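Visitor: turn this into a model:
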Amino acid sequence: METVVIAGLGLIGGSLARNIQMHKQVHLIGVDQRESTLEYALKHEIIDEASSSFQEAAHKADIIILAAPVSKSVELLQDLDNMKLEKDVLVTDVSSVKGPIFQQGASLQSDKVFFVGGHPMAGSHKHGIEASKAHLFENAIYVLTPVQRAKESDIKRVENLLDGTKSTFITLSAEEHDEMTGVVSHFPHLIASALVQQAKKWEAKHSFLPKLAAGGFRDITRIASSNPGMWQDIFFQNKEKMGILLDDWIEEMQAFRKLLAEDQGQQIHTYLEEAKQYRDGLEPRKKGAIPGYYDLYVDITDKPGALQKVLTIVADAGLSIVNIQILELREGLTGVLRLSFSEQKIQLKAKGVLEVFGYEVKIED
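Guide: The predicted structure follows:
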């Protein structure tokens with residue numbers, strides 16, 4: 001039986017541990033610095049063995065998954081390169097930025113350590129092992145970034161270990177990965193945070209502003225609620241690409257400001273129309289770089305018990321709701337009640353159940 005070590009039992013590491021336990025016959029060792037995390041993982045049978053020592057666990061490992069923050073994972077891979085291991089070990093990671101750890105993996109000196117970089121393109125706005133789920137990566141893109149010395153058999157081993165995730169595996173260079181995730185994940189997170197900071201600043205002038213920050217504003221800034229420490233690390237690890245994207249964004253906004261100043265209505269319409277067409281053409285409801293929910297908008301009347309009735313119908317169908325929001329501002333949507341679900345199949349089942357009871361329900365792509 002192979003021994004698999006997962007270093008870092010947060011949302012991603014914990015979810016991988018749950019999935020591997022469910023689908024593979026391995027001995028799973030979890031490594032974490034938080035005693036409470038290790039206790040939780042053992043109690044819920046997410047791991048078979050707990051350790052606070054990466055070095056001790058590494059000497060037992062056949063496969064290691066580095067699921068710590070990017071900078072820490074680079075450090076652990078460097079530590080592993082300096083260990084006197086008795087057997088070969090295959091190492092992969094889950095880092096959101098591939099450049100730094102790819103460079104470390106490509107420069108390994110040990111003839112016992114073999115590295116295939118990885119990044120499951122799924123996540124949650126929640127964090128910690130308590131939020132982990134075995135199905136978190138279902139239908140997600142799982143990017144692999146193998147170093148040049150990695151053998152095809154190494155890549156297949158990683159894929160076989162993780163095939164229970166039901167992810168789609170693709171291979172990219174670290175450069176390609178960091179540039180694309182910078183565009184569709186890292187930079188949008190910065191924009192979301194900047195929009196929230198802007199609203200906070202303007203609240204000093206308009207105290208009622210937070211009351212208006214419903215619906216669309218909450219949607220486009222949802223990712224700003226993610227773990228600040230993790231995102232600080234991501235920004236710094238991918239700072240070259242972030243700098244390029246910042247310059248690109250500033251140039252884009254300056255060009256748009258010029259269109260406004262010159263009353264270029266047709267050009268602004270074209271700008272917005274092109275954006276709409278491109279966005280509408282994106283493949284809907286696939287897990288991507290930015291974690292999201294599957295939302296239903298339900299039209300309900302403003303009467304006592306109306307909300308409870310909807311929730312009871314959904315609960316009686318055995319369906320779990322991730323989030324509930326009453327939209328005080330409709331902003332063109334069919335309903336004023338938004339129900340969020342973790343999976344598309346749950347969303348669609350809830351839609352069908354509510355429609356049977358006569359509710360008008362809409363799914364926004």
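
Visitor: show me the shaky parts of this structure.
Guide: 124-126, 215, 283-292, 301-302, 327-336, 364-365 (pLDDT under 70).

Visitor: mind naming the longest helix for it?
Guide: helix 239-261 (DSSP state H).

Visitor: hmm, who's touching it?
Guide: 178-179, 182-183, 186-187, 190-191, 235, 264, 267-268, 271 (CB atoms under 8 Å, 6 or more residues apart in numbering). To be clear about C-beta, it is placed using only N, CA and C from the backbone, and glycine gets the same treatment.

Visitor: stretch 130-137 too?
Guide: Contacts for stretch 130-137 (CB under 8 Å, 6+ apart): 9-19, 21-22, 40, 46, 120, 122-124, 162, 165-167, 287, 342-343.

Visitor: for stretch 37-52, same thing?
Guide: The contact list for stretch 37-52, computed with CB under 8 Å, 6+ apart, reads 6, 9, 14, 17-18, 21, 27-33, 35, 57, 128-130, 132.

Visitor: if I look at residue 22, how far off is residue 118?
Guide: 19 Å (CB to CB, to the nearest Å).

Visitor: between these two, which has more neighbouring residues?
Guide: With neighbours defined as other CB atoms under 10 Å, residue 22 and residue 118 compare such that residue 118 has more, 26 against 11.

Visitor: not counting its neighbours along the chain, what's nearest the more buried one?
Guide: Residue nearest to residue 118 in three dimensions, not counting chain neighbours: residue 92, with 4.5 Å by CB to CB, 6 or more residues apart in numbering.

Visitor: contacts only, for the one you found.
Guide: The contact partners of residue 92, taken as CB under 8 Å, 6+ apart, are 63-66, 115-118, 144, 158.

Visitor: from those residues, pick the one nearest residue 83.
Guide: Closest approach to residue 83 among the contacts of residue 92 (CB to CB): residue 64, at 11.0 Å.

Visitor: kindly state the beta-bridge partners for the closest one.
Guide: residue 5, residue 91 (DSSP bridges).

Visitor: and it, how far is that from residue 77?
Guide: Distance of residue 64 to residue 77, computed by CB to CB: 9 Å.

Visitor: higher neighbour count, those two?
Guide: More crowded of residue 64 and residue 77, by other CB under 10 Å: residue 64, with 27 against 24.

Visitor: quick test: name the residue nearest the centre of the protein.
Guide: Geometric centre of the chain, nearest residue: residue 123, 2.7 Å, by CA atoms, centre = their mean.

Visitor: so that one is in contact with residue 11, correct?
Guide: Yes - contact criterion CB atoms under 8 Å: residue 123 and residue 11 qualify, at 6.5 Å.

Visitor: so what's residue 294 up against?
Guide: 285, 340-344, 346-347, 363.

Visitor: farthest-apart pair in the residues you listed, please.
Guide: Using CB to CB, the pair of these lying farthest apart is 342 and 363, separated by 15.1 Å.

Visitor: what's the end-to-end length of stretch 208-220?
Guide: Counting by CA to CA, to the nearest Å, you get 20 Å between the two ends of stretch 208-220.
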